[in-house]
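Novice: Build me a model from this:
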Amino acid sequence: MFNEILSLSKNHEKWRGQQCINLIPSENVTSLAVRSLLSSEFGHRYTSRDKFYMGTRFMDEIEQCGEKLAREVFNSQTADLRPLSGHIADLIFLACFSHPKDRLLCLSPADGGYPGIWKNGVASFLKLRVVGFPFSREKMNIDVDQASELILSIKPKVVVFGASLFLFPHPLRELAGLAREIGAHIGFDGSHVLGLIAGKQFQDPIREGASVLFGSTHKSFFGPQGGTILADEEHYDVIQQRINQAFVDNAHWNRIAALTLALAEMKKFGRAYAAQVVKNAQALAKALADFDFSVACSHSGFTKSHQVFLDYGGDKKGRVVAKKMEEVNIITDCGIRLGVCELTRRGMKEKEMQKVAEFIKRVIKDRETHRKLRSEVVEFVAEFQEIKYCFR
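Specialist: Next up is the predicted model:
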């Protein structure tokens with residue numbers, strides 16, 4: 001059993017880590033230094049803010065350092081690194097600022113919204129009445145005029161911007177004032193675009209009207225898997241009173257140490273990284289469109305995020321396409337959302353996006369032999385094993 005476990009891990013690391021083109025938009029790759037902290041001594045230990053445990057001074061200092069870096073990176077009044085995931089950060093925000101039967105306004109999963117806060121997710125658990133934003137499929141964005149009318153009509157208690165399929169900045173600035181006038185708490189789920197927000201390449205939710213920015217730290221943001229909350233002081237006072245022990249007890253301080261180092265990397269390299277991510281996404285989208293793929297929003301430049309959307313009309317056909325790509329070591333979800341964060345972190349630029357598009361064309365449209373094409377993918381990826389935008 002010992003050898004089997006190690007063998008499975010080794011096989012996975014060789015295949016997914018060294019031989020695949022990873023286009024899953026909800027994944028990224030950490031630097032070796034960040035990765036090393038995940039297996040550090042911090043992973044064995046506890047700390048707590050009530051000083052119940054002794055021997056925690058270095059853990060406490062690194063958490064304080066991480067929070068300071070997060071406030072600087074996101075220009076936020078407060079920061080909390082303890083949520084164990086973006087989903088838990090969602091839960092914390094909604095639980096702190098809503099009550100049963102309150103209305104939640106967010107994006108429907110049918111329009112690219114996050115299913116985890118929809119009717120079968122957190123909203124059901126908290127007994128919230130969830131309503132979807134009016135949405136333009138042509139623009140792949142919230143319809144401002146209809147959303148304004150809806151806000152005035154239903155008077156939601158909480159409004160959450162952000163999405164899982166997220167091509168363009170949401171009209172937060174246009175709608176935040178109106179939502180605040182009717183007494184709504186405004187949150188922004190930046191799980192997918194947190195790295196682009198940190199790199200000043202997408203939108204600035206806190207400056208545009210959100211009181212709380214929350215999300216995952218491992219998608220466009222290149223940290224370990226986990227979550228974070230950035231908030232104004234008024235809202236954080238409420239969150240801080242409830243987060244421990246209602247939502248977080250052991251926050252996994254090896255993860256917090258790794259996230260702290262990733263925040264330092266983002267502060268130093270984030271602008272260059274995020275700018276290249278957007279350039280790569282747009283280059284990949286254009287190349288695929290030139291190969292006659294149905295790429296969403298060609299009239300709007302395809303994307304302003306890390307994502308490209310191939311619209312196959314649903315997961316059923318998308319799953320077939322994704323399976324064909326997996327057979328040649330091109331990894332996607334069944335959406336099909338394509339993300340370029342990991343490729344960017346490995347040093348790929350616009351020229352390589354053209355090559356990736358050619359691989360996709362050859363497997364999906366030209367139906368080339370899998371074995372030959374897979375070997376070409378492995379050879380291509382071998383040139384991009386070093387992680388960029390990091391200290392070492």
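Novice: Where does A79 sit: helix, strand or coil?
Specialist: strand (DSSP: H, G, I helix; E, B strand; the rest coil).
Novice: isn't it right up against E72?
Specialist: No. In this structure A79 lies outside contact range of E72 using Cβ atoms under 8 Å: 9.1 Å. Just so you know, the C-beta spots here come from the backbone N, C-alpha and C atoms, and that holds for glycine as well.
Novice: So for the two, which sits in the more crowded spot?
Specialist: Between A79 and E72, counted using other Cβ atoms under 10 Å, A79 has the larger neighbour count: 21 against 14.
Novice: Now do the helices in the stretch 51-200 of the chain.
Specialist: Counting by DSSP state H, counting those that start in this stretch, one finds helices in the stretch 51-200 of the chain at the ranges 57-74, 86-96, 122-125, 144-154, 172-181, 194-198.
Novice: among these, which is the most enclosed?
Specialist: Most buried of the helices of the stretch 51-200 of the chain, by mean neighbour count (mean count of other Cβ atoms under 10 Å): helix 194-198, with a mean of 28.
Novice: List of residues touching it?
Specialist: For helix 194-198, contacts defined as Cβ atoms under 8 Å, 6 or more residues apart in numbering pick out 28, 73-74, 190, 202-205, 213, 215-217, 219-222, 228, 266, 270, 273-274, 277-278, 305-306, 341.
Novice: After that helix, which helix or strand is next? Please name it.
Specialist: As assigned by DSSP states H and E, the chain's next helix or strand after helix 194-198 is helix 205-208.
Novice: Check which element follows that next one along the chain.
Specialist: Counting by DSSP H and E, the next helix or strand C-terminal to helix 205-208 is strand 212-216.
Novice: Can you pull the domain assignment for the chain?
Specialist: Using automatic domain parsing, the domains assigned to the chain come out as 33-263, 270-381.
Novice: Can you say which of the ones you listed is nearest to W15?
Specialist: Closest approach to W15 among the domains of the chain (Cβ to Cβ): domain 270-381, 7.6 Å.
Novice: Dump the helix or strand of the chain with the lowest mean pLDDT to PDB, restricted to CA.
Specialist: For the chain, the helix or strand with the lowest mean confidence is helix 315-326, at a mean of 92 (criterion: mean pLDDT, DSSP states H and E). Output in PDB follows, covering the C-alpha atoms of helix 315-326 (Å, rounded to 0.1, in the frame of the first residue of the first chain):
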ATOM      1  CA  ASP A 315     -22.200  20.400 -20.500                       C
ATOM      2  CA  LYS A 316     -23.300  17.300 -22.500                       C
ATOM      3  CA  LYS A 317     -21.500  18.200 -25.700                       C
ATOM      4  CA  GLY A 318     -18.800  20.000 -23.800                       C
ATOM      5  CA  ARG A 319     -18.000  16.800 -21.900                       C
ATOM      6  CA  VAL A 320     -17.400  15.000 -25.200                       C
ATOM      7  CA  VAL A 321     -15.100  17.800 -26.400                       C
ATOM      8  CA  ALA A 322     -13.300  17.900 -23.000                       C
ATOM      9  CA  LYS A 323     -12.700  14.100 -23.100                       C
ATOM     10  CA  LYS A 324     -11.200  14.300 -26.600                       C
ATOM     11  CA  MET A 325      -8.800  17.000 -25.400                       C
ATOM     12  CA  GLU A 326      -7.900  15.000 -22.300                       C
END
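Novice: how about it: buried residues?
Specialist: 318, 321-322, 324-325 (16 or more other Cβ atoms under 10 Å).
Novice: Tell me which other helices or strands that helix touches.
Specialist: helix 350-364 (3 or more Cβ pairs under 8 Å, 6 or more residues apart in numbering; DSSP states H and E).
Novice: So for the helix it packs on, what gets flagged as buried?
Specialist: 352-354, 356-357, 359-364.
Novice: Then stretch 362-371?
Specialist: Under 16+ other Cβ under 10 Å, the buried positions of stretch 362-371 are 362-364, 368.
Novice: what does stretch 367-387 give?
Specialist: 368, 373-374, 376-378, 380-381, 384, 387.
Novice: Of these, which belong to helices?
Specialist: 373-374, 376-378, 380-381 (DSSP state H).
Novice: would you list those in a markdown table and tack on distance to K286 and pLDDT?
Specialist: Below are those laid out as a markdown table (distance: Cβ to Cβ, whole Å; pLDDT from 0 to 100):
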| residue | distance to K286 | pLDDT |
| --- | --- | --- |
| L373 | 22 | 97 |
| R374 | 25 | 97 |
| E376 | 22 | 98 |
| V377 | 21 | 98 |
| V378 | 26 | 98 |
| F380 | 20 | 98 |
| V381 | 22 | 98 |
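Novice: What is the neighbour count of the residue nearest to R137 when sequence neighbours are not counted?
Specialist: With sequence-adjacent residues excluded and distances taken as Cβ to Cβ, 6 or more residues apart in numbering, R137 is closest to D111, at 7.4 Å. For D111, the count of nearby residues is 17 (other Cβ under 10 Å).
Novice: And R49, by the same measure?
Specialist: Neighbour count of R49, defined by other Cβ under 10 Å: 10.
Novice: ok but it is inside a strand, no?
Specialist: No. Checked against three-state DSSP, R49 lies outside a strand; its state is coil.
Novice: okay, the angle between the least confident helix or strand of the chain and helix 350-364?
Specialist: 110 degrees (axes from the mean of the first three to the mean of the last three Cα atoms, to 10 degrees).
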